[in-house]
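Student: Build me a model from this:
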Amino acid sequence: MMTLTEAADRLDEFRAMPAETEWLDFKEAKHNFDIEELGKYVSALANEANLHERDSAWLVLGVKDKRDAATGLRPIVGSTFKNGAAAMNELKHLVAQGTSPSHGFVQVFEVPHADCGAGARVLMFQIPPAPRGQPVAWKGHFYGRSGESLGALGSKFEAIRMQSAALDWTAHCVSDDLGLLSPDALERGKALYAKKHPRRLDELQQWSADRFLEELRLSRHGVLTRAALLLFGRQDAASSLGDVSPRLTWQLLTDQDEPLDYQHFSLPFVVAVDDLVSKIRIHTVRILPPGQLAPLEVPNYDDWVIREALLNCVAHQDYALGGRVQVKESTSLLLFSNAGGFIPGSIEKVLDASHATHLYRNPCLADAMVELGLIDTIGSGIKRMYRTQRDRHFPLPDFEIGQTPPVVTVRIYGREIDPAFTRA
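Tutor: A predicted model of the protein is given here:
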C-alpha cells in the first residue's frame with residue numbers, strides 16, 4: 001500500500017503532467033463535490049483504468065485543472081470536502097452501494113499542503129480498475145472518458161465485456177463430437193427457442209443440430225463449448241468438461257434438517273431442471289387474507305418461482321469450483337444454493353431499477369439461456385419472485401450472499417409464517 005509521503009510525490013508528478021488523461025482527473029471542489037457526479041467519475045475512471053491496463057485510476061480534489069505558466073504545475077487550492085473520518089466513511093459506503101459490481105477505493109489520501117487553507121487538504125482517491133469482463137456502473141449506467149471528458153462508456157462497454165470470454169469457463173471449446181449431445185435435449189431446446197422466437201419457427205425446422213448451436217453461440221466452427229454440453233450434453237459427456245462433474249441435487253429434509261431422500265441430476269441441464277422440479281411436493285394451503293370471508297386455496301409453491309430460482313443457480317454457478325447446484329426441500333420452505341459470489345453485490349441493487357446490471361459469471365451459458373427463454377438479462381426475474389410471493393400473501397424470498405467460501409442461497413417459503421405479515 002502506498003504511504004502518504006509516496007502519495008504526495010505522486011501528486012507532484014500528476015500536477016506536472018501536460019493534460020488530464022482517461023485515468024486521471026482534477027477538480028477544484030474547494031468546499032463540496034456532488035455525490036452523483038463523483039459516482040459517475042468512479043465508474044468512468046475504473047473502466048478506463050481497466051482499458052488502459054493501469055493498476056489504479058485517480059480522482060484528485062483541491063487542485064485546479066489548468067497548469068500555471070510560471071511553475072508548470074497545477075495550482076493547489078485545497079478542499080474541505082468530507083472532512084473527518086465519519087464523513088469519509090459515509091462517502092465510501094455511498095459509492096460502494098451505488099456502483100455495480102460494488103466498487104470503492106484502494107485508498108483515499110488526505111495530503112496536507114502549504115497552499116491549502118485552514119481545514120483544507122488535497123484529496124486523492126485511488127480507484128481500482130474494473131474487474132476483467134465486468135464494466136463498473138453507477139446506478140445502472142456505465143460511464144467512460146474521452147480524453148478529459150466524461151460521458152457514456154459506449155462501444156468501450158463491449159471491449160471490457162469481451163475480456164470475460166477468456167475467463168468464462170462455460171465458453172471454452174472442448175470437442176467437435178456432436179455425438180456427445182442428447183437428441184431429446186436438443187428437441188427440448190428447439191421447442192423452447194420456438195416459444196421465445198415464434199417468427200423463426202419455419203427456419204428453425206430446417207436447422208441441423210450444429211446450426212442450432214451456432215445460433216445460440218454454443219459452438220464455434222463446429223467445436224462445442226462447455227455450455228453446449230451443460231445444456232444439451234449426454235450424461236457421459238461430463239467427462240469432456242475436465243475435472244468437474246456438474247450436477248443438480250435435490251434433497252428432502254425433515255423439520256430437524258435430517259435427510260429423508262435425495263436424487264442427483266446430471267447432464268443435460270435443459271432436461272434435468274424439469275426432472276428436479278417434478279420432485280418438489282406441491283400441495284394446497286389455505287390462508288385467510290384480511291377482508292376475505294373465506295380462505296384462499298393456493299399451491300404452496302409457485303411453479304414459475306421455483307424455476308426462476310433454480311435456473312438462476314444454473315446460470316450463475318461457478319462451475320470451475322467443482323460444486324453443484326443444490327435444492328433442499330423441507331416441510332415449509334425450499335433452499336436453493338450455488339457456488340460463487342453474488343455479482344451485483346447486494347439484493348437491494350437488483351430490486352432497484354436504477355441499479356440494474358447485465359453482468360453474468362458465465363456469459364456464454366447465460367446468453368444461450370436467454371435465447372431459450374429460460375432467464376432474462378434485465379434483472380426482472382428476482383423482482384417478479386418478490387412480487388409473486390407478495391401477491392400470494394407468503395413471506396418474501398430471503399437471500400444470503402456474504403458467505404465464505406462464496407455461496408449464494410435463497411429461501412422460498414411455502415406457507416404463511418406470520419398472519420401479521422399477511423395483514424401488513
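Student: Report the separation between the spatially closest residue to Ile306 that is not a sequence neighbour and Val271.
Tutor: Excluding the flanking residues, the one nearest Ile306 by CB to CB, 6 or more residues apart in numbering is Val277, at 5.7 Å. All C-beta atoms are positioned from the backbone trio N, CA, C, and that covers glycine. For Val277, the distance to Val271 (CB to CB, to the nearest Å) stands at 11 Å.
Student: and those two? which has more neighbours close in?
Tutor: In this view Val277 and Val271 are compared by other CB atoms under 10 Å, and Val271 has more residues nearby, 19 against 16.
Student: Can you tell me the SS state at the more buried one?
Tutor: Here Val271 is recorded as helix under DSSP: H, G, I helix; E, B strand; the rest coil.
Student: what's the answer for Met2, then?
Tutor: coil.
Student: Can you report how many residues neighbour the residue lying closest to it once chain neighbours are set aside?
Tutor: Excluding the flanking residues, the one nearest Met2 by CB to CB, 6+ apart is Gln107, at 6.5 Å. Around Gln107 there are 15 other residues, counting by other CB under 10 Å.
Student: bridging residues for Gln107?
Tutor: On the basis of DSSP bridges, Gln107 is bridged to Gln126.
Student: For Lys196, see how far away it is.
Tutor: Distance from Gln107 to Lys196, by CB to CB: 47 Å.
Student: do the same with Ala114
Tutor: In terms of CB to CB, Ala114 sits 66 Å off from Lys196.
Student: the more surrounded of those two?
Tutor: Shown here are Ala114 and Lys196; by other CB under 10 Å, Lys196 has more neighbours (13 against 6).
Student: residue contacts, that one?
Tutor: Contacts here follow CB atoms under 8 Å, 6 or more residues apart in numbering; on that basis Lys196 touches Glu371, Leu372, Gly373.
Student: ok, now with 6 Å
Tutor: If you count contacts by CB atoms under 6 Å, 6 or more residues apart in numbering, Lys196 has them with Gly373.
Student: now Pro128
Tutor: Val106.
Student: quick one: it from Leu45, how far?
Tutor: Counting by CB to CB, the gap from Pro128 to Leu45 is 10 Å.
Student: Common neighbours of those two, please.
Tutor: Counting by CB under 6 Å, 6+ apart, nothing touches both Pro128 and Leu45.
Student: Around Gln163, count how many other residues there are.
Tutor: Gln163 has 18 nearby residues by other CB under 10 Å.
Student: circling back to that earlier point, sec struct for the residue nearest to Ile306, please.
Tutor: helix.
Student: For the residue most central in space within the chain, give me the pLDDT.
Tutor: The centroid of the chain falls nearest to Ile343 when counting by CA atoms, centre = their mean (3.1 Å). In this model, Ile343 is scored at 71, pLDDT.
Student: got it, and Met1?
Tutor: Reported pLDDT for Met1: 75.
Student: still on that earlier bit, am I right that the residue nearest to Met2 is in contact with Met124?
Tutor: No - taking contacts as CB atoms under 6 Å, Gln107 lies outside contact range of Met124: 8.1 Å.
Student: Find the residues that touch each one of the two.
Tutor: Common neighbours of Gln107 and Met124 (CB under 6 Å, 6+ apart) do not exist.
Student: what's the burial count for Leu293?
Tutor: Neighbours around Leu293, by other CB under 10 Å: 5.
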